Each structure stands twice: as C-alpha cells, then as structure tokens.
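S.K.: Next input, structure requested:
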Amino acid sequence: MASDSGGPGYLVFGAYGGIGSALVRGLVASGDRVVVSGRDPERLEAFARAEGVHPLTADATDFQAVESVVDEAKQHLGGLSGVASCVGSVVLRPAHLTRQDDWEEVVATNLTSAFAVVRAAAGAMMRDGGGSIVLVSTAAARIGLPNHEAIAAAKGGIDALVRSAAATYGRQGVRVNAVAPGLVDTPLTARITGNEKARASSEAMHALGRIGSPEQVAEAIRWLLSDAADWVTGQTLGVDGGLGTVRAG
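M.R.: I've put the predicted structure just below:
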C-alpha cells in the first residue's frame with residue numbers, strides 16, 4: 001500500500017545492523033522514504049544522518065515503545081507501506097551450557113521483538129487498507145545444527161508467528177512474511193566469518209559453497225515489502241545458499 005503522500009514509506013527496526021543497514025540503503029536508493037529505529041540513540045542518529053533518513057529510538061522488545069514508533073513513523077511518512085524487523089542476536093552453545101539469562105535475552109531480542117512489531121504494525125495497517133510486514137528468521141530453524149538450540153527455538157517461533165499472523169490479517173490486506181538466511185557476513189557473525197577455519201567449515205555446509213552478504217538478504221526483504229510480492233503471505237523465504245533444504249555435496 002502506497003503512503004498518502006505518494007511513494008512507498010517504510011519503517012525498519014534494527015536499522016543499523018548488517019542486514020538492516022543494507023535494507024535501508026537499498027530502499028533509499030530506490031527512492032523510497034524510510035524511517036529507521038534502533039535502541040542505541042547515538043548509533044541510530046549517526047546512521048540516519050549518513051543515509052538521510054528519519055530516526056526514532058526504541059527498544060524493540062518493549063510493546064509500548066514499538067507501538068509509539070509505528071504511530072510516529074506513520075505520521076511522519078503519511079502512511080506505512082511496510083515494516084521490517086531486522087532485530088536479532090545469536091547465542092551459539094549447547095542447551096546444557098546456556099545460562100538462563102542468555103536464553104531470555106535470545107528470546108526477547110529475536111522473538112519478543114518480532115511479536116511486538118507484528119502487534120503494532122498489523123494494528124496500524126489494518127486500519128489503513130493493508131501493508132507488508134517482514135521479519136528475519138534463520139535457516140537453523142529448519143535444519144538441525146549443533147549448538148543452535150536457543151536461536152533455533154526463538155527463530156522457529158518467528159516462523160510460526162508469520163503463518164498465524166498472515167492468517168489473521170490477510171483479509172485486512174496485511175501480508176506477513178519472513179526471510180531465513182544462512183550464515184551472512186555481518187558484524188554479528190564476525191567471530192565465525194573472521195576465523196579462517198570456522199569460515200571454511202561454514203562455507204562447506206552451504207550447497208553453493210559460500211556464505212551470504214547482507215545485500216542478498218536485504219534484496220529479498222525489499223521484494224517482500226514491495227507490491228511486486230502482493231500475492232505472497234505466510235511464507236518464510238530461505239535466502240541461505242541452500243543450507244536449510246539442500247545437503248551440500
């Protein structure tokens with residue numbers, strides 16, 4: 001749905017992360033109008049100035065804060081065509097070595113934030129004739145990977161959330177989808193991608209023999225946000241070099 005002032009207007013949570021920043025740059029390059037959100041005001045302000053977009057600081061795990069940001073973005077843009085949540089974190093250790101505070105952080109950062117975004121964005125969009133919501137899952141929620149119990153559980157919740165919300169809000173014109181990346185070269189994964197042995201091992205797990213770039217994932221999100229995908233809802237799109245579905249040869 002185009003915003004009232006003409007072109008598409010989008011809101012991106014987790015905007016200064018690896019995938020989020022690539023998405024914002026892609027949207028801006030296409031001439032779209034963008035509002036960005038993140039919880040670190042200094043990082044957000046610096047990123048927003050560099051990209052020429054409007055910043056709104058919020059902790060995406062806070063329902064009321066997310067709702068306020070959605071309302072403010074809608075007013076600033078004259079309507080919301082789409083909302084993307086690129087908020088995330090990773091804990092890679094087996095369940096028996098995962099502390100309760102680590103588990104709670106992973107669930108809050110990944111799943112609670114996604115639910116908060118769907119809750120606020122769907123509520124706003126259904127009153128205005130629809131729009132698109134896109135979340136970020138992971139290939140690890142589709143295929144069993146060692147030491148991924150916490151993140152797989154949290155992101156698996158996102159996959160289920162996408163399907164249920166798509167069913168709930170489809171008749172109101174609200175589409176809900178997700179992308180599920182494999183290993184992507186971002187600051188969040190630097191401990192893996194920056195280690196030559198770990199990187200080579202990870203590349204070998206992907207059928208295409210390489211890890212992904214933030215721009216590749218961002219392009220998939222941008223498509224799902226756009227009217228080009230207006231008959232797509234309830235889907236988790238693998239952008240993962242085959243990791244989630246194909247056994248590497």
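
S.K.: got the CA coordinates for the lowest-mean-pLDDT helix or strand in the chain in CSV?
M.R.: Counting by mean pLDDT, DSSP states H and E, the chain has its least confident helix or strand at helix 190-193, which shows a mean of 80. What follows is helix 190-193, C-alpha atoms only, in CSV (Å, rounded to 0.1, in the frame of the first residue of the first chain):
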residue,chain,number,x,y,z
ALA,A,190,32.3,-11.8,12.9
ARG,A,191,33.5,-14.4,15.3
ILE,A,192,32.8,-17.1,12.7
THR,A,193,33.5,-15.2,9.5
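
S.K.: and the helix ranked longest in the chain, what's its mean pLDDT?
M.R.: Ranked by number of residues, the top helix in the chain under DSSP state H is helix 149-169. Averaged across helix 149-169, pLDDT comes to 98.

S.K.: I'd like to know which elements it is packed against.
M.R.: For helix 149-169, the packing partners by 3 or more Cβ pairs under 8 Å, 6 or more residues apart in numbering; DSSP states H and E come out as helix 100-106, helix 113-126, strand 131-136, strand 174-181, strand 236-239. Any C-beta I mention is one placed from the backbone N, CA and C, and that applies to glycine too.

S.K.: try 7 Å this time
M.R.: When contacts are defined as 3 or more Cβ pairs under 7 Å, 6 or more residues apart in numbering; DSSP states H and E, helix 149-169 sits against helix 100-106, helix 113-126, strand 174-181.

S.K.: what's the offset of that helix from the middle of its chain?
M.R.: Its chain's average C-alpha position is 12 Å from that of helix 149-169, according to Cα atoms, centre = their mean, to the nearest Å.
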